[in-house]
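K.L.:
Attaching a predicted model along with its sequence, questions to come.
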Amino acid sequence: MLKLSLAKLNDLFAAVSAGCTLYLPVDDPSSGRANYRKWTEGTELSRALNTVRSAKDFFFPQTENLVDFKMKGKEIEIIDPRSEQEDFVVFGVRACDARSFSILDRVFLAEPVDTYYQSRREHGIVVTMACTRPEETCFCQSFGIDPTHPEGDVSCWMDEENLYLSVNTEKGKKFAELAGGLLEEGGEEAVKAQQEDVSALMKKLPLANFSTDKFGGDVLMKAFDSSKWKELSESCLGCGTCTFVCPTCQCYDIRDFDTGNGVTRFRCWDSCMYSDFTLMASGNPRTSQLERFRQRFMHKLVYFPANNEGIYGCVGCGRCLSKCPISMNIVKVAKCLEGEL
Ligand code: SF4
Ligand code: SF4
C-alpha cells in the first residue's frame with residue numbers, strides 16, 4: 001500500500017499529466033454536477049459520489065469517425081482517420097463504472113474485435129476510487145461489486161488527510177512511476193477502518209437487499225410475456241436518457257456524412273428506447289414503446305446474463321434511478337416483474 005498527503009494531490013496530478021493526459025471528475029460551476037475533464041493546473045478533483053456521464057466515454061465515445069472515403073474520379077481512397085493512440089489516465093473511477101468496463105469488454109473485445117475500442121482499452125490506465133458516501137440510489141453490491149475495494153489498474157482510497165493507493169497491474173505500475181517520489185509506503189490500517197465503516201453503511205441503504213436472482217435460470221418467455229410491461233412502459237417518454245447515462249449500454253448507429261468531396265463514416269450512441277432504433281428497409285419490428293422498453297430491461301436482466309455466464313448488464317450505479325424524468329428504472333422493473341417469475 002502506498003500513500004500521499006492530500007496537500008500533495010495537486011503535485012501528483014501535475015507529475016502524472018507531465019507523462020500522459022490525465023482525466024478526472026470535476027464539478028461544473030454552473031450546475032454543480034461532476035463530469036470528467038482533462039486536468040490542467042488549477043483543476044480541482046470533484047468530491048461528488050459520481051459523474052453524470054459514466055467513464056465509458058473514454059473507451060466508447062458518444063461519436064467517433066471510423067473511416068473516410070475520398071473520391072478522385074472513379075477511384076475511391078479509403079482513409080483510416082485514427083492517429084497513434086497515446087496512453088492516458090482516467091482517475092477517480094468508481095467501483096460500478098470500473099466493473100462496467102468488463103461488461104463492455106465482453107461486447108467489444110469478442111470476435112470480431114472492435115479495434116477502435118480495443119486500442120483505447122489498451123492505452124487507458126484506470127485509477128479507481130473507493131466510495132465513502134454511497135447514495136440511496138446505489139445498489140452495486142447486488143451485482144457482487146465491492147465499492148470499498150474497487151477494481152482497476154490502481155485502486156485508491158481517500159480520507160480527510162491522505163490518498164491511499166494499491167497498484168494492481170503493469171499499467172498501474174506506470175502510473176506509480178509517473179508519480180515518482182511523491183508516494184510513500186503505508187496506510188493499510190486507515191484503509192481497513194474506512195472499508196469497515198462504509199461496508200456497515202452499505203447494509204443500511206434502501207436497496208441493500210435488492211436482488212436479481214429471480215432472473216437467473218430459464219425465465220426468458222415468462223419475463224417476455226409478462227402482463228406488467230404495459231403498465232411499466234405506459235408513461236415512458238422514449239427520451240433515451242437512461243441509455244445515455246448508463247455505463248453498460250453499448251448500442252450504436254453507423255452513418256455516412258457527405259463532406260462535399262468525400263464521405264466520413266461515423267458511429268454514435270443510439271438507444272433501444274428510440275422509435276427508429278430497429279427501423280430497417282423492410283420495416284420496423286418494434287412498433288410500440290412497450291416493445292422498445294421491454295427490450296432494454298430484458299437485455300440487461302435476461303438476454304445478457306443468458307449469453308454471458310449469468311453476468312447481468314447492470315452494475316447498480318443508480319444513474320437511471322436519479323435521471324429518468326418519469327422516475328422509471330431497472331429496480332422498479334425488476335421488482336414489478338419478479339412476482340410473475
Ligand atoms: S441500468 Fe441503471 S443502475 Fe444499471 S448500470 Fe445502467 S444506469 Fe446504472
Ligand atoms: S425509462 Fe425514463 S429515461 Fe428511459 S426512455 Fe423512458 S422516460 Fe426516458
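P.N.:
That came through fine. Ligands and ions are numbered 1, 2, ... in the order given.
K.L.:
residues from the stretch 201-341 of the chain in reach of ligand 2?
P.N.:
Within the stretch 201-341 of the chain, the positions adjacent to ligand 2 are 236-242, 273, 324-326, 328 by CB under 6 Å from any ligand atom. Heads up, the C-betas are built off the backbone N, CA and C, glycines and all.
K.L.:
Which of those are buried, as a PyMOL select command?
P.N.:
Only the buried entries of these go into this PyMOL selection, using 16 or more other CB atoms under 10 Å:
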select buried, resi 236+240+241+242+273+324+328
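K.L.:
Could you list the domains of the protein?
P.N.:
2-202, 213-338 (automatic domain parsing).
K.L.:
Let's have the ones you listed in CSV, adding mean pLDDT.
P.N.:
Listed next are those as CSV, based on pLDDT from 0 to 100:
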stretch, mean pLDDT
domain 2-202, 96
domain 213-338, 96
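K.L.:
Nearest to ligand 1 among the ones you listed would be which one?
P.N.:
Ranking those by proximity to ligand 1 (CB to the nearest ligand atom) places domain 213-338 first, at 3.3 Å.
K.L.:
buried stuff in stretch 13-20?
P.N.:
13, 15-17, 20.
K.L.:
would you put the C-alpha positions of stretch 218-231 in CSV?
P.N.:
Only the C-alpha atoms of stretch 218-231 are listed here, as CSV (Å, rounded to 0.1, in the frame of the first residue of the first chain):
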residue,chain,number,x,y,z
ASP,A,218,-34.8,-20.0,-17.8
VAL,A,219,-37.3,-17.1,-17.3
LEU,A,220,-37.0,-15.8,-20.8
MET,A,221,-40.5,-16.4,-22.1
LYS,A,222,-42.2,-15.8,-18.8
ALA,A,223,-40.5,-12.4,-18.5
PHE,A,224,-41.1,-11.6,-22.1
ASP,A,225,-44.8,-12.4,-21.9
SER,A,226,-45.4,-10.7,-18.6
SER,A,227,-48.5,-8.6,-18.4
LYS,A,228,-46.6,-6.0,-16.4
TRP,A,229,-44.8,-4.5,-19.4
LYS,A,230,-47.9,-2.5,-20.4
GLU,A,231,-48.3,-0.6,-17.1
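K.L.:
So which residues make contact with it?
P.N.:
215, 290, 293-294, 298, 301-303, 306, 336-337, 340-341 (CB atoms under 8 Å, 6 or more residues apart in numbering).
K.L.:
Tell me, how many residues neighbour E160?
P.N.:
5 (other CB atoms under 10 Å).
K.L.:
Check the secondary structure at it for me.
P.N.:
coil (DSSP: H, G, I helix; E, B strand; the rest coil).
K.L.:
how near is it to V191?
P.N.:
Look at E160 and V191: by CB to CB, to the nearest Å, they are 14 Å apart.
K.L.:
now swap in V263 and tell me
P.N.:
V263 is 53 Å from V191, by CB to CB.
K.L.:
more neighbours, the two?
P.N.:
V191 (24 against 15).
K.L.:
can you give me the helices for the stretch 51-200 of the chain?
P.N.:
Per DSSP state H, counting those that start in this stretch, the stretch 51-200 of the chain carries helices over the ranges 95-108, 115-123, 170-179, 188-202.
K.L.:
for these, which one ends up most surrounded?
P.N.:
helix 95-108 (a mean of 22; mean count of other CB atoms under 10 Å).
K.L.:
Contacts only, for the residue most central in space within the chain.
P.N.:
For the chain, the residue nearest the mean C-alpha position is P247 (2.7 Å; CA atoms, centre = their mean). P247 makes contact with 54-56, 96-97, 100, 315, 317, 319, according to CB under 8 Å, 6+ apart.
K.L.:
from those residues, which are also near ligand 1?
P.N.:
Among these, ligand 1 is touched by 315, 317, 319 when using CB under 6 Å from any ligand atom.
K.L.:
ok, and the closest non-adjacent residue to H299?
P.N.:
G313 (5.9 Å; CB to CB, 6 or more residues apart in numbering).
K.L.:
Determine the three-state secondary structure at that neighbour.
P.N.:
With three-state DSSP as the criterion, G313 reads coil.
K.L.:
which parts of the strand or helix carrying M221 are buried?
P.N.:
Using DSSP states H and E, the element containing M221 is helix 220-224. Going by neighbour count (16+ other CB under 10 Å), the buried part of helix 220-224 is A223.
K.L.:
Which residues are in contact with the nearest residue to S166 once chain neighbours are set aside?
P.N.:
Counting by CB to CB, 6+ apart, S155 is the residue found nearest to S166 once chain neighbours are left out, at 4.6 Å. Neighbouring residues of S155 by CB under 8 Å, 6+ apart: 128, 130, 149, 165-166, 168.
K.L.:
now with 7 Å?
P.N.:
128, 130, 149, 166, 168 (CB atoms under 7 Å, 6 or more residues apart in numbering).
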